[in-house]
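A.B. asks: Predicted model and sequence below, questions to follow.
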Amino acid sequence: MRIGVTSIFVDDQDKAQAFYTDVLGFQLKDKVALGAHSWLTVVSTADPDGTQLSLEPDEHPAAKAYKTALSADGIPVMAFTVDDVETEHRRLTARGVEFTQAPLAMGPVVTAVFDDTCGNLVQLVSPA
């Protein structure tokens with residue numbers, strides 16, 4: 001058993017696609033129109049056949065409440081592994097990404113947290 005697809009709830013799929021591909025650097029994997037929304041997934045350019053991230057509409061009331069509560073408490077909804085958080089922080093800050101937590105050494109890892117512009121906080125993690 002392995003993880004093939006995981007989801008993140010977003011408030012606007014087109015905005016999310018632009019942020020996750022143009023700003024973060026993920027690659028579009030699938031975009032299939034399904035009425036008002038799409039089956040929309042992105043993957044890491046380093047592993048295009050790896051785990052897909054579904055940019056899922058947050059229209060269900062539970063999804064909006066979940067996102068709002070986590071964000072209000074400063075809790076990231078997921079974490080992305082990078083080689084060097086500080087380098088990635090500089091790259092993304094230059095691209096206009098807003099961080100709620102600058103790089104911070106936490107024992108064996110360094111973390112940072114950013115706002116994905118779609119209602120989520122996302123953590124970056126690298127070895128210390």
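C.D. replies: Yep, that arrived.

A.B. asks: now stretch 86-98: mean pLDDT?
C.D. replies: The average pLDDT for stretch 86-98 rounds to 98.

A.B. asks: what does it rub up against?
C.D. replies: Val23, Leu24, Val82, Phe99, Ala102, Pro103, Val110, Ala112, Phe114, Asp115, Leu124, Ser126 (Cβ atoms under 8 Å, 6 or more residues apart in numbering). For glycine as for every other residue, the C-beta is placed from the backbone atoms N, C-alpha and C.

A.B. asks: do you know how far the residue located most distally from the centre of the chain is from Glu59?
C.D. replies: Going by Cα atoms, centre = their mean, the residue of the chain most distant from its centre is Gly35, 24.1 Å out. Per Cβ to Cβ, to the nearest Å, Gly35 is found 12 Å from Glu59.

A.B. asks: Where do the helices of the chain begin and end?
C.D. replies: Using DSSP state H, the helices of the chain run over residues 13-18, 61-72, 85-94.

A.B. asks: Now the last one: buried residues?
C.D. replies: Just to be clear, that refers to helix 85-94. Val85, Glu88, His89, Leu92 (16 or more other Cβ atoms under 10 Å).

A.B. asks: For Gln17, state which of the residues you listed is nearest.
C.D. replies: Nearest to Gln17 among these, counting by Cβ to Cβ, is Leu92 at 17.1 Å.

A.B. asks: ok, the closest one to Ala46 distance?
C.D. replies: Separation of Leu92 from Ala46 (Cβ to Cβ) stands at 16 Å.

A.B. asks: ok, now Gly107?
C.D. replies: For Gly107, the distance to Ala46 - Cβ to Cβ - is 25 Å.

A.B. asks: Could you do Arg90 as well?
C.D. replies: Remark: distance between Arg90 and Ala46 (Cβ to Cβ) = 19 Å.

A.B. asks: Nice, that's everything, thank you.
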